[in-house]
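> A predicted structure for the sequence below; I have some questions about it.
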Amino acid sequence: MRQLAAAVRRDAGFEANLRRWKEAAGRLQAEEATLRAGGGAKAAERHSAQGKMLVRDRLAALLDPGAPFVELGTWAGWGMYEEWGGAPSAGCVTGVGTVSGRTCVVVANDATVKAGAWFPITCKKILRAQEIALENRLPLVYLVDSSGVFLPLQDEIFPDKEHFGRVFYNNARLSAEGIYQIAAIMGPCVAGGAYLPIMSDEALIVEGTGSIFLAGPHLVKAAIGEQIETEALGGAEVQSDISMVVDDRFPDDAACLAAVRARIGQLAAPRLAPFDRVEPAEPAVDPDEIAGAMPADRTRPYETYALLAHLLDRSEFEEYKATSGRSLVCGTGRIAGWAVGIVANQRAVVARRRGLGPHDKEMQIGGVIYADGADKGARFVELCNQKGIPLLFLQDVTGFMVGSRAEREGIIKDGAKMVNVVANSTVPKITVVVGNSYGAGNYAMAGKAYGPRFIFAWPSASIAVMGGEQAAQTLLSIQLKNRGNDVSEDEKRARLAATRARYEATADPRYAAARLWVDGILDPARTRETVAACIAACAHQGEIPRARWGVLQT
């Protein structure tokens, strides 16, 4: 077992990095506060005037006091739908928290944002919450208060596989899998959206504010000429006492939420996966200062072991194949007592690669995965599956090594092997993008397409097919291929600058979080507690399926 505390150097650079990233995290937290305010003060006043609790007050009443709540998708919709006035947090709140001692996934509409209407990103966010519930076998609580599909964008949300109807498909699958779902109808519940609570295992409704119907009063009048008010059409008394569509009705939000807590508290205790856990211990260095190990300039080298020192219990790490394949750092340690396998990109070590002759120069590794590192990473992921150990990927990867030497060493073969193994891994994968996340390196290091149970980004993250400078140079070369000397140096510089700026804007972690490529942007100081909460949620999956591998080129 290696003690990593010595890898942390508290020099002037460390202090500067720490200040830099604390300031960046503070700016992001201020932006998040605006997103959490939903539709703003006036919309909140109108909502409260109806006798309804605001969405975050509902969550406070639902969740166990003091228990962690891992909010997911806070940035969903950021910078999108501006022509419609925006959709802060996609008009809903989702996350993993504790209700009456049970770990649950929560989906709650925010009716201060366009009356809780579903934008395309809202649908994607709710589908992501259902995916987390299904993979980890977590009960699901829906707090419904929505006017339905945002009609101007109906063509982007209605008919496709990952659109609106998939939510109800997932309702059915979750129920069939024995994963409990309960819905509280706390506002309008209209049209197709009415299926979400009624396809849940239990549905409750709030008197006076909750309503549910396939067509609201205006559409009923237009369709069949009947004139009827909301309460008489599908209010709490109609849908619980007469139609029996809803199971029970309650006088207000607080009473309804108390009933949800009581019913969650009656659930049978889950069978947890046998992931090993011992008594937690704090790292030997302050976990709140982990950002000090990350340079402000993503191109600068740093010591990956310093990151691990701030994350792991007692800063202890059992490294796997420490003297070979050094473009990846692999090994086991513990986070809050949980055994965890670490796969991290190395950004600093200067090491000889396998096969270099005695006169060859040593090479500095800068987030590139070499063939021997990919081979090592694939083998380590296989081993963690064999041992039943969850995996944590720390991404700061610029891709796989290129060039004639890399091709002769079989980089495609070894890279494909790692990608295959990561794709077929059945132990939970949790990914944190701490720096660059470029090209096929994103895939091999369990990017979003490779099924991590949870994936987060630091403020220092950059997610793209390649770096902005490389992309700008490549695109310029293609654009100017047939123009030869006709292009002035000034025009070249202007094109480069414009392309670089456009490319880097899309690599911003907020851009990724807005589109749910990541579940959220983490303050680095909260990484350890968030990863621990995610592993605890993953343990609810019960039995660990045996991993199977396809054909691997060896």
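All right, it came through fine. Keep in mind that what you see is a predicted model, and the values were worked out from it rather than measured.

> Just the buried positions in stretch 498-518, please.
499-500, 503-504, 507-518 (16 or more other C-beta atoms under 10 Å). Heads up, the C-betas are built off the backbone N, CA and C, glycines and all.

> now stretch 66-80
In terms of neighbour count (16+ other C-beta under 10 Å), stretch 66-80 has its buried residues at 68-78, 80.

> what about that stretch, distance to the chain center?
Mean C-alpha position of stretch 66-80 versus that of the full chain (C-alpha atoms, centre = their mean, to the nearest Å) differs by 9 Å.

> Quick check: which ranges of the stretch 251-400 of the chain have low pLDDT?
349-365 (pLDDT under 70).

> and if you look at the stretch 401-550 of the chain?
Low-confidence regions of the stretch 401-550 of the chain, defined by pLDDT under 70, span residues 466-472, 475-476, 478-487.

> give me that answer again for 90
Scanning the stretch 401-550 of the chain for pLDDT under 90 picks out 401-410, 412, 414, 439, 464-507, 549-550.

> in it, which spans are helices?
Remark: helices assigned in the stretch 401-550 of the chain by DSSP state H, counting those that start in this stretch are 404-408, 411-424, 439-444, 468-479, 489-507, 509-514, 527-538.

> Format these as CSV; extra columns: distance to Ala184.
Formatted as CSV, these follow (distance: least, C-beta to C-beta, whole Å):
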stretch, distance to Ala184
helix 404-408, 56
helix 411-424, 38
helix 439-444, 38
helix 468-479, 46
helix 489-507, 38
helix 509-514, 28
helix 527-538, 22
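
> what residues are up against the nearest residue to Ala258 once chain neighbours are set aside?
Closest residue to Ala258 apart from its sequence neighbours, by C-beta to C-beta, 6 or more residues apart in numbering: Ala61 at 7.8 Å. Residues near Ala61 by C-beta atoms under 8 Å, 6 or more residues apart in numbering: 53, 253-254, 257-258.

> what kind of secondary structure is Ala61 in?
Assigned with DSSP: H, G, I helix; E, B strand; the rest coil, Ala61 falls in the helix class.

> gap between it and Ile369?
47 Å (C-beta to C-beta, to the nearest Å).

> Same check on Asp375?
Distance from Asp375 to Ile369, counting by C-beta to C-beta: 10 Å.

> And these two? Which one has more around it.
With neighbours defined as other C-beta atoms under 10 Å, Asp375 and Ile369 compare such that Ile369 has more, 29 against 23.

> quick check, distance from stretch 244-255 to the centre of its chain.
33 Å.

> okay, how far is it across stretch 136-152, tip to tip?
The straight-line separation of the ends of stretch 136-152 (C-alpha to C-alpha, to the nearest Å) is 35 Å.

> buried ones in it?
Quick answer for stretch 136-152 (16+ other C-beta under 10 Å): 136-150.

> Now for Asp375 and Ile369: what residues contact both?
Taking C-beta under 8 Å, 6+ apart as the criterion, Asp375 and Ile369 both touch Met418.

> What is the burial count for the residue nearest to Leu134 when sequence neighbours are not counted?
Closest residue in space to Leu134, ignoring its immediate chain neighbours: Leu174 at 5.9 Å, by C-beta to C-beta, 6+ apart. For Leu174, the neighbour count with other C-beta under 10 Å is 23.

> Could you pull up the residues touching Leu174?
Going by C-beta under 8 Å, 6+ apart, the list of residues near Leu174 reads 130, 133-134, 140, 181.

> now stretch 184-192, how far from the centre of its chain.
Chain-centre distance of stretch 184-192: 27 Å, with C-alpha atoms, centre = their mean.

> Ok, stretch 170-187 next?
Taking C-alpha atoms, centre = their mean, one finds the center of stretch 170-187 at 21 Å from the center of the full chain.

> Tyr142 belongs to a strand?
Yes - assessed with three-state DSSP, Tyr142 lies in a strand.

> That one pairs with what?
Following DSSP bridges, Tyr142 is listed with bridge partners Val107, Ala183.

> Kindly report the same for Ile335.
Taking DSSP bridges as the rule, Ile335 bridges to Trp338.

> check contacts around the residue lying closest to Val397 once chain neighbours are set aside.
Nearest residue to Val397, sequence neighbours excluded (C-beta to C-beta, 6+ apart): Gly441, at 3.3 Å. By C-beta under 8 Å, 6+ apart, the contact set of Gly441 is 345, 367-369, 395, 397-400.

> In strands only, show me those.
Per DSSP state E, strands hold the following members of the contacts of Gly441: 345, 368-369, 395, 397, 399-400.

> and those as TSV, adding distance to Ala494?
TSV is the format used below for the ones in strands among the contacts of Gly441 (distance: C-beta to C-beta, whole Å):
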residue	distance to Ala494
Asn345	34
Val368	31
Ile369	35
Gln395	33
Val397	31
Gly399	28
Phe400	32
